[in-house]
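Asker: mind folding the following:
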Amino acid sequence: MQPAYYEDFSEIKKKIWLILEDAVSNRNSQFRIPTFICGHGPDINGRIVVLRKTEKENNLVQFHSDIRSDKIEILKKNSNAAMLFYDKEEKIQLRLKVDCTINHKNDITKKSWEKTQHISRKCYLVDNGPGTISDKPTSGLKPELDNFDYTKEQSEEGYKNFTVIQCKIKSIEWLYLAAKGHRRAKFDLEKNKDNWLVP
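Answerer: Numbering: from 1, shown residues only. Next up is the predicted model:
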């Protein structure tokens with residue numbers, strides 16, 4: 001028996017937002033860690049990010065980053081990016097085309113920082129930005145911070161590097177793998193147009 005979303009646009013959209021919203025709080029969701037792909041000219045790269053928030057009403061998803069990350073400079077030159085999600089158990093792939101906004105030291109980052117756990121703030125306490133060349137293997141942290149031996153107050157130092165990337169979804173491509181026959185659809189959110197595609 002095929003699921004309700006097998007050949008129904010409205011059911012597919014319902015399923016898309018259900019799994020995206022679940023991924024924000026469910027650490028076991030395979031949609032929690034999508035691949036984020038951005039680039040400018042020949043400099044195109046992908047990396048895994050952690051989904052931190054979804055807003056169905058605004059067609060928005062977001063994740064956190066370090067302001068010193070190389071993707072920040074890329075996004076300043078080209079705010080267009082893509083996100084790729086796949087759940088092998090659900091047999092669902094999502095391809096999102098997004099337009100990114102970099103938030104740094106504003107109300108959006110303040111709200112997200114307040115919700116960021118003590119343990120997760122560690123990433124933003126490194127002396128040098130992600131991707132900096134090092135003479136030896138390193139976490140980038142001072143020894144006193146490397147073993148979680150720091151207070152919530154000390155973690156506040158990381159806020160200066162904390163960044164929230166908001167991704168406005170322009171289009172979603174849906175692929176559902178089924179023995180009976182795969183189904184693929186595209187939802188153009190800018191033109192409010194839905195189409196079936198050949199898988």
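
Asker: what strands line up against the host helix or strand of Glu173, and which way round?
Answerer: Assigned by DSSP states H and E, Glu173 belongs to strand 162-176. If you go by DSSP bridges, strand 162-176 pairs up with strand 60-66 (antiparallel), strand 92-104 (antiparallel), strand 183-188 (antiparallel).

Asker: off-centre distance for it?
Answerer: The chain centroid and the centroid of strand 162-176 are separated by 7 Å under CA atoms, centre = their mean, to the nearest Å.

Asker: would you mind finding the longest helix in the protein?
Answerer: Within the chain, and with DSSP state H defining each element, the longest helix by residue count is helix 9-25.

Asker: okay, the angle between that helix and strand 162-176?
Answerer: Angle between the axes of helix 9-25 and strand 162-176 is 140 degrees (criterion: axes from the mean of the first three to the mean of the last three CA atoms, to 10 degrees).

Asker: what is the neighbour count of the nearest residue to Phe9 once chain neighbours are set aside?
Answerer: Excluding the flanking residues, the one nearest Phe9 by CB to CB, 6 or more residues apart in numbering is Asp194, at 4.9 Å. For the C-beta atoms, the positions are set from N, CA and C on the backbone; glycine is no exception. If you count neighbours by other CB atoms under 10 Å, Asp194 ends up with 16.

Asker: assess the claim that Asp194 and Phe187 are in contact.
Answerer: Yes - counting by CB atoms under 8 Å, Asp194 does reach Phe187; the two are 5.4 Å apart.

Asker: so what sits against both of these two?
Answerer: Phe9 (CB atoms under 8 Å, 6 or more residues apart in numbering).

Asker: which helix or strand contains the residue nearest to Phe9?
Answerer: For Asp194, the element it lies in under DSSP H and E is strand 193-197.

Asker: next SSE after the helix or strand of the chain with the lowest mean pLDDT?
Answerer: Lowest by mean pLDDT, DSSP states H and E among the helices and strands of the chain is helix 143-146, with a mean of 70. Where DSSP H and E defines the elements, the next helix or strand beyond helix 143-146 is helix 152-155.

Asker: how about that following helix: buried residues?
Answerer: Buried residues in helix 152-155, counted by 16 or more other CB atoms under 10 Å: Ser155.

Asker: mind listing the residues bridging to Tyr176?
Answerer: Going by DSSP bridges, Tyr176 forms beta bridges with Ile92, Arg183.

Asker: quick check: it touching Arg183?
Answerer: Yes - if you go by CB under 8 Å, Tyr176 and Arg183 touch, sitting 4.8 Å apart.

Asker: list residues touching both of these two?
Answerer: Tyr6.

Asker: what's the burial count for Lys88?
Answerer: Counted with other CB under 10 Å, residues neighbouring Lys88 total 9.
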